[in-house]
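>>> Compute the structure for the input listed below.
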Amino acid sequence: GHTWSPGHEIPAGMLHGHAVATGMGFGAHLAFREGFITEGESRRIMKLISDLELSLWHPILDDTDVVWASQEKMVQKRGGNLCAPVPKGQIGVCGYIND
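Take a look at the predicted model:
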C-alpha cells in the first residue's frame, strides 16, 4: 500500500488509510496479473478492503502521470528497484514486483 499511495494521497486529499488501501488493492491486482495469486485470492483481498469501508479507487488514479511519477520516485528511493511488496503464492505470503 505504501508503494504508490505517497504520490497521490496529498494531491487527492485522501485520508492516509484510504490512500494506502488503494495501493493495497492495486498491488493485489498486479499480483494477480503477474500470476502471483489467483483471481479468487485477488477478489478476496478486494472484498476485505471494501468490507472494511476503505477506498479501492479514487479518480486521481486515472491520472497516469501522477501514478507513474509516484512509482518513479519510489524506485529512486529504493535504490533503483520498485520492490513493491505484494501477495505471492497465497494470501499472507509476500513477494516483490521489481519492474
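
>>> which residues of the chain fall in helices?
5-12, 16-33, 39-51, 64-77 (DSSP state H).

>>> helices or strands up against the last one?
In this structure, helix 64-77 packs against helix 5-12, with contacts taken as 3 or more Cβ pairs under 8 Å, 6 or more residues apart in numbering; DSSP states H and E. To be clear about C-beta, it is placed using only N, CA and C from the backbone, and glycine gets the same treatment.

>>> Would you pull up how far the helix it packs on lies from the middle of the chain?
12 Å (Cα atoms, centre = their mean, to the nearest Å).

>>> just stretch 88-96 next, same as before
Using Cα atoms, centre = their mean, the offset of stretch 88-96 from its chain centre is 14 Å.

>>> and Val86, how many neighbours does it have?
21 (other Cβ atoms under 10 Å).

>>> so how far is Asp63 from it?
Separation of Val86 from Asp63 (Cβ to Cβ, to the nearest Å): 22 Å.

>>> before we move on, the earlier item: out of the helices of the chain, which is closest to Ile91?
Ile91 lies closest to helix 39-51 among the helices of the chain, at 5.5 Å (Cβ to Cβ).

>>> And the contacts of the closest one?
Helix 39-51 is contacted by residues Ala21, Met24, Gly25, Ala28, His29, Ala31, Phe32, Ser55, Leu56, Pro87, Gln90, Ile91 when judged by Cβ atoms under 8 Å, 6 or more residues apart in numbering.

>>> For the most centrally placed residue in the chain, list the residues it contacts.
Per Cα atoms, centre = their mean, the C-alpha nearest to the average position across the chain is that of Gly23, at 2.7 Å. By Cβ under 8 Å, 6+ apart, Gly23 lies in contact with Gly1, His2, Thr3, Trp4, Ser5.

>>> Many thanks, we can stop here.
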